[in-house]
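> predicted model and sequence follow; I will ask about them next.
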Amino acid sequence: MRGETVRSLRRRTPLIAAVLAACTALAACGGGSGGGAGGGGDVSSLTLYNDKGAWKANFQDLGKASKAGTGIDLSPVGYTDENAYQAFIKSSFRTSKRPDLFTWATGGQLQDLVKQNLVAETTGAWTKAIADGDVPEALKQYFTIDGKQYCVPLSVGYWVMYYNKRIFAEHNIEPPTTWAQLMAAADTLKKAGITPFYQTNVLFSFVWFETLLAGTDPDAYEGLGKGTVKYTDPPVQHVMQLWKDMIDKGYFNDPGVKTDPQAMVKTGQVAMANFGTWFSGSLNSLGMKSDSDYGLFTIPNVDPSLQKTSVIVEAGPLCSAANAPHKAAVDKFNAWLFTAPGQVAWSNSRGDISFNPKAKTTDPLLTAQASFVGGGQVRLLNRYFEATPAPVLTAALDAFGAFVTHPDNAQAQLAKIQAAADAYWK
Amino acid sequence: MRSLRAVPLALLGLVWLAPIYLLVVNASTPATEYDSRTVWKPHGFALFTNIGDAWRKADLGHSVLSTVTYSVVSPLLAVLVGAAVGFAIVALRLRHGFFWFAVLFAGSVFPLQMLLVPLFVGYADTSLYDTRTGMLLVYTAISVPFAAFVMRNFFTGVSYSLYEAAVIDGAAPPRIFAQIYLPLARSALAAIVILQATFVWNDLLLGLTLSQSDDVRPIMPALTSLQSAYGGSALPTVLAGALLVSLPTVALFLATQRFFVRGLALGQF
Amino acid sequence: MTAISRPATRRRVNLAAGGFSLPAVVLVAGLLYLPFLYTVYLSFTSYNGLGTPAWTAWDNYRTIFHDPDLATAARNTLLWVVGTVTVPVGLGLLLAVSTYGRRFGTWLRLPFLLPYAVSGVGVGVVWGFILQTGGAFGQALDFAGLPGKDTGWLLDAPVNTIAMIAAASWQSVGVNALLFVVGLQSIPREPLEAARLDGATGFRLFRHITWPLLRPITTVVVGLSIVGSLKTFDIVWVMTQGGPGTSSETFAVSMYKTTFVAGDYGVGSALAVALTVLTLVVSISYLRRQLSGARAV
């Protein structure tokens, strides 16, 4: 039997060797074509690294539009894992693979890069765009460090309350304009057996914290981000108490539920979801129609005596490395992206809002929201995720996740976050 | 007596398959009808639509050829390299054999996540980044410790007298390795190749970090683009994609079952 | 002197042994050891991924040993080790022994092997919605009239860790069984037949003949389980990210969170080094004990 095996292996050996050789040859021949062609000047395509892998088709649409407008196409390289993406971008600066274009985040993350002089300055492009009326001046602050601007805004999201229209209609609920009305609506829904609000204990566990704090004491909210206010101070304690009351009244779904929020809104498992305006895209992908199946409203301030309505904004910047390989092309593309053609192409592809008042999107809900924010009665606050330094954010996300699971130990959780904050701000 | 035990085993097997049942049923639900409160009941049969959607949205077609290449070549290379060192330690009695074995084994202990950044920097600096050769090298290196471990242990079960007899017959080590030891080890070789091919096929992190072009990146990074907090696809589509991508490994398992039926004669008696 | 032991032959054989080992050592040293050495270097520095690392000597190690969350990670990791080395290994062995050599044996084994073939994305998502509150498991319990429909299986420690160990075992039982089958295949017929002729059957046969002869492969299965369980990361990350809070974190999850989420590469690398040293000490002492003298003549 052994001899038979040896013989059959002998017969098969040349075959196996041939297969191995063919595969290795195939492997050696294939290979990355890399980003744009080498050389600094004229390129026809820029590589756009991004952490929104699911938006690949949208980036390609944008590329088609920019090719028509500037002759420069885009080739997106997408990641969906945020941590892997950040590690990649951070380490790419040391190598020859410095990114021409990459998505990033405002706040501490941008500051980290600027401190090391790794990001290209865009002050010129901003000045021109503001002068042309392409971007509201209020947005500039999130992209400004030490008086200079870096990166350009790709997308902007305002955080609002999405709701299932059918459920509201069935229970005779109108979109609330005050906090009292919102709580009354939640009460009605709860009595009817429907969970009013969506919550989760991973990733977006900070959402209700920022909403409640921005709606009670926006100055304290901004202070947390700068380290001038402590997590153990009274304004924050007050918010945790409010939050706990809402959880105890059963206004939220069980935090251990892992179903996508858009699916929960669609099937009526929850009536409302607190999300950024990009959530429209998620609802649309399940076949829901804007304004007929779902609606949105600005979340009213908890404290009605505040002058302006607090709205959380999430600015999605597009950045370029400081000595990027194709600087001229990047500058050209950036200038175009600010303008209406660029913004219209992007917003319509994404089904999202644009910051450019001249860019009219096809979605009526989003257009209305954009004009409301531009109206002047709004105080914009940077999203908690961007406004908080990374080590503090990690501790905070853990703490909020633990809190919504067991709302009794707010004190312990706040102390943990503050410990991380103390270590960071010292 | 033995035939009675088949029934409980088969039943346990069915229970074991319950999560796969869930996977298939929910991957077949039309994307707009998914309701997480009734996951056990079939809701319709849109499996092929969902698979088509997943294929298109995640652009899976580009990654298939490269992933197949990696999953076939790297395990084959690794198993040969591993068997060679196992042979060297056991039959050729490599000096300080346990030490070298421990060195190779330790390679499987290093946490992969921490190796990603230095590997990326090293690859970028040596122009191996985003090349199929680079991916093959790293997948082979990752597979070698496991292969060496199994083969070294397997070869301790092969009688040394086989080696001695071959030497007396005038054979040199390479011939003994290729014509005696390797053929005897075919089921161990098959097990290693199957398990490593599956591991390489399912790899996400290395593919994500060390490549970027569509035709170099393996299939898992492409698949995960379906799932995103920022608006990925509906759950049935994600599951259909996961199911589709699991089919080749299932086929591999089915096709190689015959290696594990008969006994081997390793010459101990 | 026989042909084998002559000095010239010995030297030639040593050379051959070196040549056979070289590819393995080069690959592992270049692509695994070099990056790990960089991690060791980082563990003595303070680094956030940008700029240059700043040397801080043993500070990071001092930090981790004073971290209270480390005790939680230690408890969870220990649960993983015990859970992985006992149940999936035992079940895998049982499965291999019950199905090897019988008619339809490979088919009976197949349902247990298929889970390993399912991609990581699929496993994470499927078990996520089985174990979520009100998920498939809860629905099944409800259908059978048992309590547990609204239990948060993934919300409370240590239940969440145990639930995830079950999910991981779903995949590993089949793999262990496959490896045990390879071991069973290499057991020669002669001693088995001789023992049967002497009247040994069933469990006695297994205990005195089969089990000792399975030792080389048992070492592989247990060794791999020890290493794999100490390094547990993927399934915990996909299902709970170590949460809620830090209640289901393992060493590897803490390491990853510290490095990539909080951006503290220095402390994260120190955790990686500590974890590696721990795993090496445990696994190599196990292997040393098992592999000395286990050689067929």
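That came through fine. Residues are numbered from 1 along each chain as shown, chains lettered A, B, ... in the order given.
> quick check: residues of the stretch 51-200 of chain C near chain A?
C:51, C:128-129, C:132-135, C:150, C:152-156 (C-beta under 8 Å from any C-beta of the partner chain). The way it works is simple: take the backbone N, C-alpha and C, and place the C-beta from them, glycine included.
> tell me the buried residues within those residues.
Neighbour counting by 16 or more other C-beta atoms under 10 Å in any protein chain shown classes C:Gly128, C:Phe129, C:Gln132, C:Thr133, C:Gly134, C:Gly135, C:Gly152, C:Trp153, C:Leu154, C:Leu155, C:Asp156 among these as buried.
> can you lay out these as a markdown table showing distance to B:Tyr21, pLDDT and secondary structure?
Shown next, in a markdown table, are these (distance: C-beta to C-beta, whole Å; pLDDT from 0 to 100; DSSP: H, G, I helix; E, B strand; the rest coil):
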| residue | distance to B:Tyr21 | pLDDT | secondary structure |
| --- | --- | --- | --- |
| C:Gly128 | 16 | 84 | helix |
| C:Phe129 | 13 | 79 | helix |
| C:Gln132 | 17 | 84 | coil |
| C:Thr133 | 21 | 81 | coil |
| C:Gly134 | 19 | 79 | coil |
| C:Gly135 | 14 | 82 | coil |
| C:Gly152 | 24 | 81 | coil |
| C:Trp153 | 19 | 85 | coil |
| C:Leu154 | 21 | 85 | coil |
| C:Leu155 | 25 | 85 | coil |
| C:Asp156 | 28 | 85 | coil |
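> rewinding a little: and the furthest pair within the residues of the stretch 51-200 of chain C next to chain A?
Farthest-apart pair in those is C:Gly51 and C:Asp150; separation 49.5 Å (C-beta to C-beta).
> so where is the stretch 1-150 of chain A shaky, pLDDT-wise?
Applying pLDDT under 70 to the stretch 1-150 of chain A picks out residues A:1-42.
> now with 50, please.
Judged by pLDDT under 50, the stretch 1-150 of chain A has its weakly predicted residues at A:1-11, A:29-41.
> next, A:Glu314: phi, psi?
Backbone torsions of A:Glu314, given as degrees, to the nearest 10, read phi -120, psi 100.
> check contacts around the residue in chain A that chain C sits nearest to.
Residue nearest to chain C within chain A: A:Ala402 (3.0 Å; C-beta to the nearest C-beta). Shown in contact with A:Ala402 (C-beta atoms under 8 Å, 6 or more residues apart in numbering or on different chains): A:Asn201, A:Asn409, A:Gln413, C:Gly243, C:Pro244, C:Gly245, C:Thr246, C:Ser247.
> among those, name the buried ones.
A:Asn201, A:Gln413, C:Gly243, C:Pro244, C:Gly245, C:Thr246, C:Ser247.
> and the last one, how close does it get to chain A?
If you measure C:Ser247 against chain A using C-beta to the nearest C-beta, to the nearest Å, the figure is 7 Å.
> surely that residue is in a strand?
No: C:Ser247: not assigned to a strand; according to DSSP: H, G, I helix; E, B strand; the rest coil it is coil.
> which residues touch it?
Per C-beta under 8 Å, 6+ apart, neighbours of C:Ser247: A:Ala402, C:Thr72, C:Asp156, C:Ala157, C:Asn160.
> domain-wise, how is the chain divided?
If you meant another chain, say so; for now it's chain A. A:45-157+A:314-373, A:158-312+A:383-425 (automatic domain parsing).
> wrong one, chain B
If you go by automatic domain parsing, chain B breaks into B:25-58+B:233-269, B:69-224.
> columns mean pLDDT, distance to C:Val82 and mean neighbour count on top of these, output as a markdown table?
Listed next are the domains of chain B as a markdown table, based on pLDDT from 0 to 100; distance: least, C-beta to C-beta, whole Å; neighbours: other C-beta atoms under 10 Å in any protein chain shown:
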| stretch | mean pLDDT | distance to C:Val82 | mean neighbour count |
| --- | --- | --- | --- |
| domain B:25-58+B:233-269 | 85 | 29 | 19 |
| domain B:69-224 | 93 | 19 | 22 |
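> which of the domains of chain A has the lowest average pLDDT?
Among the domains of chain A, domain A:45-157+A:314-373 carries the lowest mean pLDDT, at a mean of 90.
> so is that domain next to chain C?
Yes: Domain A:45-157+A:314-373 comes into contact with chain C (C-beta under 8 Å from any C-beta), by way of A:Asn83, A:Ala84, A:Gln86, A:Ala87, A:Lys90, A:Ser91, A:Phe93, A:Asp112, A:Leu113, A:Lys115, A:Gln116, A:Leu118.
> what distance do you get for A:Met240 to C:Pro7?
Remark: distance between A:Met240 and C:Pro7 (C-beta to C-beta, to the nearest Å) = 80 Å.
> more crowded one of those two?
More neighbours surround A:Met240 than the other of A:Met240 and C:Pro7, with 20 against 8 (other C-beta atoms under 10 Å in any protein chain shown).
> how about the residues of the stretch 201-350 of chain A near chain B?
A:203-204, A:257, A:259-260, A:262-264, A:266-267, A:269, A:278-279, A:281-282, A:285-287.
> and those, which of them are buried?
Here, 16+ other C-beta under 10 Å leaves A:204, A:257, A:259-260, A:262-264, A:266-267, A:269, A:278-279, A:281-282, A:285-286 buried among those.
> could I have the CA atoms of the lengthiest strand in chain A written out in CSV?
Secondary structure assigned by DSSP state E gives strand A:152-164 as the longest strand of chain A. Output of strand A:152-164 as CSV, limited to C-alpha atoms (Å, rounded to 0.1, in the frame of the first residue of the first chain):
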residue,chain,number,x,y,z
VAL,A,152,-12.0,71.0,3.5
PRO,A,153,-15.5,69.9,4.5
LEU,A,154,-16.8,66.9,2.5
SER,A,155,-20.0,66.3,4.3
VAL,A,156,-21.9,67.8,7.2
GLY,A,157,-24.4,66.1,9.4
TYR,A,158,-26.8,67.7,11.8
TRP,A,159,-28.1,65.5,14.6
VAL,A,160,-31.9,65.4,14.6
MET,A,161,-34.7,63.1,15.7
TYR,A,162,-36.0,60.7,13.1
TYR,A,163,-39.5,59.3,13.6
ASN,A,164,-41.8,56.7,12.0
